[in-house]
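Asks: One predicted model, sequence on top.
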Amino acid sequence: ISGKFEGIGARLQKKNDFTEITELISGGPAWRGKLLEAGDVIMSLGKLSIEMSDFVLAKDWYGKAELIYAKTLGTDNEKYINALTRLAFTMEELAEFDQTQERLEKALAVSYDTYGDLHEITVKVLYNLSNHYIRKGDYNKALELMLKVVETDNVLGVSKTVLGIKHINDLAVCYANLGLLSKAKELFTTAYDIMLQLKKGEDPYTARVLRNLGQIAYLEGDLQTAAEVHLRCINIIEPVLGTLHSDTADAYDSYANVISDLGQFEEAISLMKRAIDIQRRLNRPQVVAGYLHNLGNIYSEMNERANQELGIECYQESILIKKCIWKRDHPNISMSHESLGNLYYKMGELEMALKLYEESNGMLKRIFGDKHYLIAQSENRIGDVLGELGRYKEAIKHFEESLRMYEETVENDSVVLLPVLINFGSTLSSIGDQSKAITLLRRCLDIIMHTEAGRNHEYHQIVVNGLISCYELHGEPEKAAEYRAMLINSNGSN
């Protein structure tokens, strides 16, 4: 089609099966902004493109909306700020992180100039920028901004509203990502208590906050508590939203991930398949890809070769969907490559695992440069498989790089350091450097004993056994006996 909306003064043209507003008729109603802004329609087309997971097309629409609003309304208004924000989110989906940050910072500057710092629009943009830093992995910057959001909520008197709770919840997420689990737990508990005070105990958002508490328990190694909390979330959400809702599917996914670690594989698989079916029916391919990845994780935890091959199929389908959505390097594609590598590692196919790890690492470096917590995680995995292949010198270089990157982004006592410290210590022990291995493993034990789970932490036994072995090889049988007694006492108390 080509023509005009009668009485509106906007010229249309069909392009790639979409109707595009190509011109505002000077002096017409759309130009004056009294009936329809061209940008409004284009913003709706951008939203539709997002729902279709076509982020390239969405970026194009939101970019047009930004220009039209700037031309017709100027930049000192909410519509222009919203267009900038939507454009930024779309760029983020395309892993264009520098451009995302640039747009959000521009939106924040406009908000400060137009509305001041104590206005809900400014707070909203500040919140969005903080969440961008979370997704980018810059947790310290995210924390700095989210603290400003929560402080402003206190001034505006909205701390004990659902919006205020959302901000407290995401502040807790910042602390959790920095490995400060006690602080995160305190804030999640505060958010949950406020929801109860507001008599919203059965509210779906209450379940989201509760789910985060379950995730903290999971990170602390308390899997039983985590499972109980996630089951409570399902019991809150199902009666309110029904079984054909995205939040219900998310609750199934979270619970399945925990109970699979408790060895309840059949129930976990059944729940994950239900979650995948819900998201397929809701036409959410991006979420389906994520759930397929998680189902692959469950199959990979099972020892039977047939189940592990099903895991490979899940990861491969997840990767295929993600490549169709993003059509370029993306952290989510890298993550599936890495998990597929983990499964090949478990199956003893080390060269294949190394190939996938290196592909993932290269993708992440093309996206983020040389410094990022995901790259730190990837360096650790490469070091681990190189150690298994007996290529110890190469492995140590990767462990050193991983540890350096982690220590630049998280606290020194963060639980996220445990995998690399354990792997690094094990490799040093293999080449006879027991002294350095003991130093790393004792640091691990220190971190574990400061978690709420303590001796019940999933890594506790691994680390203590490692220390026993290192002390014996180092010629310190008394120390080995001391840690052996600690292990016996720990098992006895359980």
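Replies: Yep, it's here.

Asks: K64 is in contact with M43, isn't it?
Replies: No: the criterion here is CB atoms under 8 Å, and K64 misses it with M43 at 9.3 Å. C-beta: built from backbone N, CA, C; applies to glycine.

Asks: how about the helices in the stretch 101-250 of the chain?
Replies: With DSSP state H, counting those that start in this stretch as the criterion, the stretch 101-250 of the chain has helices at 120-136, 139-156, 162-177, 181-197, 204-219, 223-241, 246-261.

Asks: Need the residues that contact the last one.
Replies: This means helix 246-261. For helix 246-261, contacts defined as CB atoms under 8 Å, 6 or more residues apart in numbering pick out 204, 207-208, 211, 214-215, 218, 223, 226-227, 230-231, 233-234, 237-238, 241-242, 267-269, 271-272, 274-276, 278-279, 282, 284, 287, 291, 294, 297-298, 301.

Asks: Those residues, buried ones only, as a ChimeraX selection?
Replies: A single ChimeraX command selects the buried members of the contacts of helix 246-261 (16 or more other CB atoms under 10 Å):
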select :204,207,208,211,214,215,218,223,226,227,230,231,233,234,237,238,241,268,269,271,272,274,275,276,278,279,284,287,291,294,297,298,301
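
Asks: rewinding a little: nearest to V463, out of the helices of the stretch 101-250 of the chain?
Replies: Ranking the helices of the stretch 101-250 of the chain by proximity to V463 (CB to CB) places helix 204-219 first, at 16.4 Å.

Asks: who's in contact with stretch 110-120?
Replies: Applying CB under 8 Å, 6+ apart, the contact partners of stretch 110-120 are 75-77, 80-81, 84, 121-122, 125-126, 152, 155-156.

Asks: Which residues in it does the neighbour count mark as buried?
Replies: The neighbour-count check on stretch 110-120 (16+ other CB under 10 Å) flags V110, S111, T114, Y115 as buried.

Asks: cool, stretch 454-463 as well?
Replies: Neighbour counts over stretch 454-463 (16+ other CB under 10 Å) mark R455, N456, H457, Y459, H460, I462, V463 as buried.

Asks: Wait, the second one touches T225, no?
Replies: No: using CB under 8 Å, N456 and T225 do not qualify as a contacting pair, with a distance of 10.0 Å.

Asks: so where's the stretch 351-494 of the chain shaky on pLDDT?
Replies: Within the stretch 351-494 of the chain, the segments meeting pLDDT under 70 span 490-494.

Asks: what's the average pLDDT for stretch 135-142?
Replies: Averaging pLDDT along stretch 135-142 gives 84.

Asks: Stretch 157-169 now?
Replies: Averaged over stretch 157-169, pLDDT sits at 91.

Asks: who touches it?
Replies: 127, 146, 149-150, 153, 187-188, 190-191, 194-195, 197-198, 200, 205, 208-209, 212.

Asks: show me what contacts Y357?
Replies: Y357 touches H337, E338, G341, S378, R381, I382, V385, counting by CB under 8 Å, 6+ apart.

Asks: let's see it at 10 Å
Replies: 337-338, 340-342, 344-345, 378-386, 398 (CB atoms under 10 Å, 6 or more residues apart in numbering).

Asks: SS state for it?
Replies: Assigned by DSSP: H, G, I helix; E, B strand; the rest coil, the conformation of Y357 is helix.

Asks: Next one: it relative to Y459, how far apart?
Replies: For Y357, the distance to Y459 equals 21 Å [CB to CB, to the nearest Å].

Asks: where's G369 relative to K136, distance?
Replies: Where K136 is concerned, G369 sits at a distance of 11 Å (CB to CB).

Asks: Now the common contact residues for these two.
Replies: Jointly contacting G369 and K136 under the rule CB under 10 Å, 6+ apart are F97, D98.

Asks: Give me the more crowded residue out of those two.
Replies: Taking other CB atoms under 10 Å, G369 and K136 do not tie; K136 has more neighbours (20 against 11).

Asks: give me the number of residues near the nearest residue to that one once chain neighbours are set aside?
Replies: Of all residues not flanking K136 in the chain, F97 sits nearest, at 5.4 Å (CB to CB, 6 or more residues apart in numbering). By the criterion of other CB under 10 Å, F97 has 21 neighbours.

Asks: wait, doesn't F97 sit right on D329?
Replies: No: here F97 does not reach D329: they are 11.5 Å apart, not a contact under CB atoms under 10 Å.

Asks: anything in contact with each of those two?
Replies: Counting by CB under 10 Å, 6+ apart, the contacts common to F97 and D329 are I367, F368.

Asks: Please give me every residue in contact with the residue lying closest to F424 once chain neighbours are set aside.
Replies: Sequence neighbours aside, F399 is the residue nearest to F424 in space, at 4.0 Å (criterion: CB to CB, 6+ apart). Counting by CB under 10 Å, 6+ apart, F399 touches 379-380, 382-384, 386-387, 420-421, 423-428, 440.

Asks: try 8 Å
Replies: Contacts of F399 (CB under 8 Å, 6+ apart): E379, N380, G383, V420, N423, F424, T427.

Asks: List buried residues within these.
Replies: Buried members of the contacts of F399, counted by 16+ other CB under 10 Å: E379, N380, G383, V420, N423, F424, T427.

Asks: Quick check: which element contains the first one?
Replies: Translated: E379. helix 373-388 (DSSP states H and E).

Asks: quick one, that helix and helix 139-156 angle?
Replies: 150 degrees (axes from the mean of the first three to the mean of the last three CA atoms, to 10 degrees).

Asks: mind checking how far the residue nearest to K136 is from A172?
Replies: The gap separating F97 from A172 is 24 Å, by CB to CB.

Asks: And L374, by the same measure?
Replies: On the measure of CB to CB, L374 and A172 end up 21 Å apart.

Asks: Contacts for stretch 434-454 next, please.
Replies: Outside stretch 434-454, the residues within contact range by CB under 8 Å, 6+ apart are 181-182, 185, 220-222, 413-415, 417-418, 421-422, 424-426, 428-429, 455, 457, 459-460, 463-464, 466-467, 470-471, 473-474.

Asks: remind me, longest helix of the chain?
Replies: Criterion DSSP state H: the longest helix present in the chain is helix 305-326.

Asks: Show me what it is packed against.
Replies: Using 3 or more CB pairs under 8 Å, 6 or more residues apart in numbering; DSSP states H and E, the elements in contact with helix 305-326 are helix 285-301, helix 331-346.

Asks: If you count contacts, what does the shortest one end up packed against?
Replies: Under the contact criterion of 3+ CB pairs under 8 Å, 6+ apart, helix 331-346 touches helix 285-301, helix 305-326, helix 350-368, helix 373-388.
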